[in-house]
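Asks: Got a predicted structure plus its sequence, pasted below:
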Amino acid sequence: MDKYLKFDNILTRLVACVTLLFTPLLSAEELSTYSEFPKGSKTEVIPFPIEFASDITLNGIEELVFLPGMYKQEKEDFFSYAFSWTHKPEKNQVFGKTKIENFIASYYRGLYKAVTEGKEYEPAITIEQVDGKYTGQISWIEPFVTKKEQTLRFKGGQIHCEKINELRWFFLVSPQDFSHPVWKELQSIKPSDC
């Protein structure tokens, strides 16, 4: 009997992990914030609040574009992707550097905990803001493939779509140095017009 319970527990964890990685995979036409991205990329849309990061108090959606080698550690574009957070801002709502830093920390803390089934880990975030653009690093343990320490570099910015009253945050993320060619590929991921 114990053998069946143990197998059932393993199967449940496997299904949860696959669900987290691949639901729902959508076609390019269903993304609202990206108009172009490299062939072979996968996309995903997640509504807020995000189950694994409930501290991110936005009302909207997250959209992701994963480069083809996202989960293949031997590839140069391993763990390289773009994501956007789109929400309807409250009147005069402004998000400064500290709030974005807290949201990013919450996101990666929650992602790690969800994939590792409850293990705690606090990512270290450094972020710089210049003229509405963000650059920074996230130091964490990559929980999907390597389970090893990883430093992710990111670039970000925001667009306010006044006609439809949407605030869109865009981020590009990769463990590669900013001078690596993968960043050119990431920058080919084009935001949609408002």
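Replies: That came in fine, so what should we check first? Numbers count the residues shown, from 1 in each chain.

Asks: For residue 77, the count of nearby residues, please.
Replies: Residue 77 has 23 neighbours, counted by other CB atoms under 10 Å. C-beta: built from backbone N, CA, C; applies to glycine.

Asks: State the distance from the residue most central in space within the chain to residue 31.
Replies: In the chain, the C-alpha closest to the average C-alpha coordinate belongs to residue 83, at a distance of 5.0 Å (CA atoms, centre = their mean). According to CB to CB, to the nearest Å, residue 83 stands 11 Å off from residue 31.

Asks: what do the two both touch?
Replies: Common contacts of residue 83 and residue 31 (CB atoms under 8 Å, 6 or more residues apart in numbering): 63, 65.

Asks: ok so the residue nearest to the centre of the chain is a strand residue?
Replies: Yes - counting by DSSP: H, G, I helix; E, B strand; the rest coil, residue 83 is found in a strand.

Asks: which non-adjacent residue is nearest it?
Replies: residue 64 (4.6 Å; CB to CB, 6 or more residues apart in numbering).

Asks: So which residues make contact with the strand or helix carrying the one you found?
Replies: Assigning secondary structure by DSSP states H and E places residue 64 in strand 60-66. With contacts defined as CB under 8 Å, 6+ apart, strand 60-66 is touched by 31-34, 37, 41-48, 50, 80-88, 166, 189.

Asks: Type out the PyMOL command that picks the buried ones from these.
Replies: Buried residues among the contacts of strand 60-66 (16 or more other CB atoms under 10 Å), as a PyMOL selection:
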select buried, resi 31+33+34+37+41+42+43+44+45+46+48+50+80+81+82+83+84+85+86+87+166+189
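
Asks: Out of the contacts of strand 60-66, name the ones that lie in strands.
Replies: Those of the contacts of strand 60-66 mapping onto strands are 34, 42-47, 81-87, 166, per DSSP state E.
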